[in-house]
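Visitor: sequence and computational prediction follow.
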There are 2 protein chains.
Amino acid sequence: MKKVVVGVDIGGTNTVFGLVDNTGKELAEGHLKTTDYPVVKDFVTALVSGIGKLMAGKKDLELAGVGIGAPDANFHRGTIEHAPNLAWKGIVPLADLIKKEIKVPVVLTNDANAAAMGEMVFGGAKKMKDFIVLTLGTGLGSGIVVDGKLVYGHTGFAGEVGHMTVVPGGRECGCGRKGCLETYASASGLVKTVSLMISEMREDSILRGVPPSKLSSKQIAEAAAKNDPVAVKAMEYTAEKLGFGIVNSIVFTSPEAIFLFGGLAQAGEMLFAPVRKYLAKNNYVLFKNTVKILPSGISESNGAVLGSAALILNELSM
Amino acid sequence: MKKVVVGVDIGGTNTVFGLVDNTGKELAEGHLKTTDYPVVKDFVTALVSGIGKLMAGKKDLELAGVGIGAPDANFHRGTIEHAPNLAWKGIVPLADLIKKEIKVPVVLTNDANAAAMGEMVFGGAKKMKDFIVLTLGTGLGSGIVVDGKLVYGHTGFAGEVGHMTVVPGGRECGCGRKGCLETYASASGLVKTVSLMISEMREDSILRGVPPSKLSSKQIAEAAAKNDPVAVKAMEYTAEKLGFGIVNSIVFTSPEAIFLFGGLAQAGEMLFAPVRKYLAKNNYVLFKNTVKILPSGISESNGAVLGSAALILNELSM
């Protein structure tokens, strides 16, 4: 019998789950529409049934555990708590609900922590003990690894680098405060920056023809690659804010590398080059030339499933 | 035979070392003038001889190890590296030099990390797994504990919260950059704030009669306690900057408590009350009411020696 695990990625709209072995090979994958299940118990029933279908007929495989990445997830308690982007309100004891049905260990953490576990187990951080993963999507998520272990902290919610204040009194954040890093250094932050710059700058730009609600970080990165002046300036501004956040992160845990993952990281060197330049100039002297800025070593397509699988593989020491 | 350790606190001017048992009782203490030993080998000889004197005649005691707190110390390598406030230039392999003479384990870390170990082993963090100690003296040092272990990071220099940038383009810092937290939230930062406010404000203040070079954080705290308007405003400004740094620290490691230690922390409620008020208002929602702001549970008088002793006791699991 070969032991396998299931990695689950719960998003506001879709849920993806995959059967993964301890080499990071995804053997089968299933999908659910999260929004089809406004009652969490129905979601659990559907997920457990879906996992059953993935395992069906595979007599040589034994399910060893389930790892889940979800918004506002608490590792210590196995709960999802007050997630604004999910229909399940209050404190949802998701790990326990699934464990009751499926009788194997179930662990839960937020998606950025799962990404960090994926990086450590299957990606670019295999030989690293101290690193940080920043997921640059709609928001900015972070997973911090210290001495080979994810940092959960007293509450289980540690690693919210996206909510470091970088501009006192700056842009309004979904968290109710102002100037959080994620309002600048994320895919949506970049779009906001372009919208502002289009108003402030006189130069021509192909982005002027796009309605703000349709602008994407991909479009902007492509425009920057073609030397569009607004796009170039917006990428530099974003890189500077991200660099500021990174420099302020390094003083805490002195990581060997910062991995950038998610939509905005797809901009590649248009983002990485100015971030590295910022660090070369502004990093604290003790940490100069000690930190690599790297793209994630996990593919964007099934990275979330692999990360959640890595979480449970690590927990089971498989 | 009862096992004891030696805790050593190396400062720019003075070195204190004490014989400490595993209950935190200091049995004997010795002193050296650091500046008397421009050659590190002479310092080692004097320290080892001093430790020998402390142990002399105590036939029931066995020396189990030596813990050292020193500026710019690297735990991983057992070195002091490029310390601007010491005569020993370059990279000094202090742990090895002492070990060679004294034949017991020797560990070394910076003074703020030693303070954090002291807090965990003997102080207010005995039952805590996640906390941060901020030492508010001439600079701002920090020791970060995650899941019961000090954070050293890839380089061994992690925990430099004093060099988080809090005011881009702000006050000049000794590190060559601008706007570091320690230029505001430290005993010397408070003195700078008062000097500036005396120029900017018209109100009367007893501090106007003191030359800037003679101003101390103690004087300012005492004036604030007497409602001196400049001193009160300076304390509030300092607390706000410290609160900003604390809120930005909490998003990393979600500690159970932040301990404030050192000269500026002696201001007591004049500092703690506005810091707590800042947190109540500005802390990230997930961490609201999860973090205690506490005075150190270690006495200021021999805290540094106890911290260094705690470092080696922890290392030896004594």
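Guide: That came through, no problem. Since this is a predicted model, take the numbers as computed values, not measurements.

Visitor: so what's the residue nearest to A:Asn85 when sequence neighbours are not counted up against?
Guide: Counting by Cβ to Cβ, 6 or more residues apart in numbering or on different chains, A:Gly12 is the residue found nearest to A:Asn85 once chain neighbours are left out, at 3.7 Å. For glycine as for every other residue, the C-beta is placed from the backbone atoms N, C-alpha and C. Contact partners of A:Gly12, counting by Cβ atoms under 8 Å, 6 or more residues apart in numbering or on different chains, are A:34-35, A:71, A:85-86.

Visitor: among the residues you listed, find the lowest-pLDDT one for me.
Guide: Among the contacts of A:Gly12, A:Asn85 carries the lowest pLDDT, at 85.

Visitor: can you count the residues close to that residue?
Guide: If you count neighbours by other Cβ atoms under 10 Å in any protein chain shown, A:Asn85 ends up with 13.

Visitor: how about A:His82?
Guide: Residue crowding around A:His82 was assessed by other Cβ under 10 Å; the count is 14.

Visitor: now it: closest residue in space, sequence neighbours ignored.
Guide: If you skip the residues right next to it in sequence, A:His82 has A:Asp72 as its closest partner in space, 6.3 Å away by Cβ to Cβ, 6+ apart.

Visitor: please name the nearest non-neighbouring residue to the closest residue to chain B within the stretch 1-150 of chain A.
Guide: Nearest to chain B in the stretch 1-150 of chain A, going by Cβ to the nearest Cβ, is A:Asp130, at a distance of 4.4 Å. Closest residue to A:Asp130 in three dimensions, ignoring its sequence neighbours and counting by Cβ to Cβ, 6+ apart: B:His154, at 4.4 Å.

Visitor: separation between that neighbour and A:Ala116?
Guide: Distance of B:His154 to A:Ala116, given as Cβ to Cβ, to the nearest Å: 15 Å.

Visitor: and if you look at A:Gly243?
Guide: When Cβ to Cβ is the yardstick, A:Gly243 and A:Ala116 sit 20 Å from each other.

Visitor: kindly report the same for A:Gly297.
Guide: As defined by Cβ to Cβ, A:Gly297 lies at a distance of 12 Å from A:Ala116.

Visitor: now do the contacts for A:Gly174.
Guide: Each residue near A:Gly174 by Cβ under 8 Å, 6+ apart is listed here: A:84, A:139.

Visitor: quick one on the thing from earlier: which of the contacts of A:Gly12 sit farthest apart?
Guide: Taking Cβ to Cβ as the measure, the contacts of A:Gly12 span a maximum distance of 13.5 Å, between A:Thr35 and A:Pro71.

Visitor: what's around A:Ile258, how many residues?
Guide: Number of residues near A:Ile258 (other Cβ under 10 Å) recorded here: 22.

Visitor: secondary structure element holding A:Thr238?
Guide: Using DSSP states H and E, A:Thr238 falls within helix A:229-253.

Visitor: distance from the chain centre to the helix or strand just after that helix, please.
Guide: Helices and strands here follow DSSP H and E; after helix A:229-253, the next one along the chain is strand A:257-261. Taking Cα atoms, centre = their mean, to the nearest Å, one finds strand A:257-261 lying 11 Å from the centre of the chain it belongs to.

Visitor: still on that earlier bit, go through the helix holding A:Thr238 and flag the buried ones.
Guide: Neighbour counts over helix A:229-253 (16 or more other Cβ atoms under 10 Å in any protein chain shown) mark A:229-253 as buried.

Visitor: and stretch A:308-318, by the same measure?
Guide: Neighbour counts over stretch A:308-318 (16+ other Cβ under 10 Å) mark A:308-316, A:318 as buried.
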